[in-house]
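Peer 1: 3D model of this:
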Amino acid sequence: MLSLHKQLLNMGLHQRSHNSPMSVLSHLRRLLYISSLLLSSQLLGVAQEQRVDMPFLTMNTLDTAILRIDYRYQFKDGSRSISNQMTLLVGEHVQSFQGTANFYTDSLGVALENKRYPSQFLNEKFNRLPKGMSNINWQVYTNYPQGKVSITDRVLMDHYLSVEPLEKQQWTIKQDSVRNIMGYQCKLGVSNLYGRLWYAWYTEDIAYSTGPWILRGLPGLIVQAYDSEHLHDFLLLSIAERKHPIAFRESTYFKYPRERVIREYMKYASDPGRAFQSTGLATPLGGKKDTPPIKRTIPYVPLRRVTP
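Peer 2: Predicted coordinates:
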C-alpha cells in the first residue's frame, strides 16, 4: 500500500489538477476509509507484507428489508450540479436511507459477519465494490431506536451520530395537482421542513408512506421530491421486493445535534485541503507544514437550511 503522502500526490490534492470535484471527492473518500482502517488497527507503521487480521466493519442488524428502492439525488451548488444514487431499504419496523456506495460497503460488512480477516483480503474485497455511484457520507435510520431518527455522518476521520424524535410531518395535499412520473400516477403534497419548502409527488399505487431522506407521511410512496429553490431533487429510479438486512454501522461516534454536524461539514467542504493538513496525516509538497495547500471546495448544500 502506498503511503498516505504518496496517495495524496496521486490524487492531486496538493497540486493543480483538472479532475472534477466528484473525482477528487471520490478519491478522498476512499483514502479516508483506508486511513481509518489503518488507524483503528494501529497499522500505520506495519510493513505491507506483514499479515494483520482485522474486522472490516462492525454491523448491527436491525431489521429485514421488504423493499429496496433506489433514487437519484441531485443537488446544485452554484454552477455545479452533483448527482448521486441513493438506496432506501424499507423493513417492517426500521428503514434506512444511504448512498448506494455505502449500501454496498455495509452489505459486505454484513456478509463478513464482523469477523477478523487479513488486511490484504479486506482491501481486495473493498476494491471490488461498485464505485462512482455516490459520495454521500450521511445515513438515515428511521424508527431506530424506536420512535427516533438516527443520522450518522463522517467529517474527515470523525464519525458523528445525531438522534432526533420521529415526529409527524404536516403535508398539504393539492388534490387538483396530478402528474405522471416514471409511469406512476402521482399527486402533490407540500410541506415546510427544516427551513425549506418541499414539493413531493407521491403515488397511491405503492402503499408505503415513505420516501427519500426523512420525507414521509404521505398516503403513498414518494416518487419525486424537490425544494422550492430546486437545489435538491430526489427521483425514483427503481423499486423491487428484496429481503436484505437493514444494518447499522457501529463506530465510536461523537453524539452531536444534526445542525452542529452540518456546520462542521460546511467548514470542511469550504477548504478540504487545509482541513486534511490540520490532521497531521499529510504535509504539502516540500514537507513544509506551514505551507498552505491549494484551496479547493467540495460541492455541498445541506438538505437542512443551516447558517454557518
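
Peer 1: pull the distance from stretch 246-260 to the chain's centre.
Peer 2: Computed by Cα atoms, centre = their mean, to the nearest Å, the chain-centroid distance of stretch 246-260 equals 12 Å.

Peer 1: ok, now stretch 250-262?
Peer 2: 14 Å.

Peer 1: what comes up buried for that stretch?
Peer 2: The neighbour-count check on stretch 250-262 (16 or more other Cβ atoms under 10 Å) flags Ser251, Tyr253, Tyr256, Arg258, Val261, Ile262 as buried. Quick note: C-beta positions are derived from backbone N, CA and C, even for glycine.

Peer 1: hmm, who's touching it?
Peer 2: 57-60, 151-153, 155, 158-164, 264, 302, 304, 306 (Cβ atoms under 8 Å, 6 or more residues apart in numbering).

Peer 1: and if we set it to 10 Å?
Peer 2: 36, 40, 57-60, 109, 114, 138, 149-155, 158-164, 194, 263-264, 300, 302-308 (Cβ atoms under 10 Å, 6 or more residues apart in numbering).

Peer 1: quick one: the helices in the stretch 101-250 of the chain?
Peer 2: 119-127 (DSSP state H, counting those that start in this stretch).

Peer 1: how much space separates the spatially closest residue to Trp201 that is not a sequence neighbour from Leu221?
Peer 2: Once flanking residues are discounted, Trp201 sits nearest to Cys186: 4.0 Å by Cβ to Cβ, 6 or more residues apart in numbering. According to Cβ to Cβ, to the nearest Å, Cys186 and Leu221 sit 9 Å apart.

Peer 1: quick one on the thing from earlier: how close does the residue nearest to Trp201 sit to Asp205?
Peer 2: Counting by Cβ to Cβ, the gap from Cys186 to Asp205 is 9 Å.

Peer 1: who has more neighbours out of these two?
Peer 2: Cys186 (23 against 12; other Cβ atoms under 10 Å).

Peer 1: what confidence value was assigned to that one?
Peer 2: Looking at Cys186, its pLDDT stands at 98.

Peer 1: cool, the one 3 residues further on as well?
Peer 2: With respect to pLDDT, Gly189 has a value of 98.

Peer 1: equivalent analysis for Gln175, please.
Peer 2: We have a pLDDT of 88 for Gln175.

Peer 1: now do the contacts for it.
Peer 2: Contacts of Gln175 (Cβ under 10 Å, 6+ apart): Lys187, Leu188.

Peer 1: repeat for Leu112
Peer 2: Pro55, Phe56, Leu57, Met59, Phe121, Leu122, Lys125.

Peer 1: please report how far it lies from Met133.
Peer 2: Taken as Cβ to Cβ, the span from Leu112 to Met133 is 20 Å.

Peer 1: the spatially closest residue to Pro219 that is not a sequence neighbour: neighbour count?
Peer 2: What sits nearest to Pro219 in space, not counting adjacent residues and going by Cβ to Cβ, 6+ apart, is Glu204, at 5.9 Å. For Glu204, the neighbour count with other Cβ under 10 Å is 13.

Peer 1: same question for Thr58.
Peer 2: Neighbours of Thr58 (other Cβ under 10 Å): 12.

Peer 1: so what pLDDT did it get?
Peer 2: 95.

Peer 1: equivalent analysis for the one 3 residues further on, please.
Peer 2: Among the per-residue scores, Thr61 holds a pLDDT of 97.

Peer 1: ok, it - contacts?
Peer 2: Val94, Val110, Pro245, Ile246, Ala247, Phe248.

Peer 1: what does Tyr71 give?
Peer 2: 84-88, 97, 100, 211-213, 222-225, 233-239.

Peer 1: okay, and for the stretch 101-250 of the chain, where does confidence drop off?
Peer 2: Low-confidence segments of the stretch 101-250 of the chain (pLDDT under 70): none present.

Peer 1: what's the nearest residue to Met266 if we skip its chain neighbours?
Peer 2: Pro308 (5.7 Å).

Peer 1: same thing with Glu229?
Peer 2: Closest to Glu229 by Cβ to Cβ, 6+ apart is Arg196, at 7.5 Å.

Peer 1: residues in contact with that neighbour?
Peer 2: Tyr226, Asp227, Ser228, Glu229, Leu231, His232, Pro302, Leu303, Arg304, Arg305 are the contacts of Arg196 under Cβ under 10 Å, 6+ apart.
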